[in-house]
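Student: Sequence and predicted model, in that order:
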Amino acid sequence: MLRFFLVGFLALVLLVVAVAAAVGEWGWWVLVALLAGVLGVGVHDLLQRRHSVLRNYPVLGHMRYLLESIRPEIQQYFVERNLVASMKMVYEPQPNDPAGVS
């Protein structure tokens, strides 16, 4: 129920911004276009039945799927860099280690 309230609130904000755009300058129309796009995505996500993540979190679910799609690149950049640093630390001899002295 809260989801429908949020979509209704977003529609009301879109209406107020559209009125401001009709009275104001062209910059308001950019905001109207962005809000209309977000509202359209939110309504589509609420009505679809395929993905429960998108149905429960209408717009933020798309961010999850975006991050999921670029996960290998992010993991390669951060995890590999940390792996090399930890391997250097593991294979580096310690100065006062009796096990390392032969």
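Tutor: Ah, there it is.
Student: Nearest residue to the middle of this structure?
Tutor: Met63 (3.1 Å; C-alpha atoms, centre = their mean).
Student: From Leu15, how far out is that one?
Tutor: 26 Å (C-beta to C-beta, to the nearest Å). For the C-beta atoms, the positions are set from N, CA and C on the backbone; glycine is no exception.
Student: Quick check: next helix or strand after the helix or strand hosting Ala22?
Tutor: Here Ala22, judged by DSSP states H and E, is contained in helix 2-23. The helix or strand immediately downstream of helix 2-23 is helix 27-47, counting by DSSP H and E.
Student: Tell me which helix or strand comes right after that following helix.
Tutor: Following helix 27-47 toward the C-terminus (DSSP H and E): helix 52-56.
Student: Give me the contact list for the helix or strand following that following helix.
Tutor: For helix 52-56, the following helix or strand on the C-terminal side (DSSP H and E) is helix 60-69. For helix 60-69, contacts defined as C-beta atoms under 8 Å, 6 or more residues apart in numbering pick out 41, 45, 51, 53-54, 57, 74.
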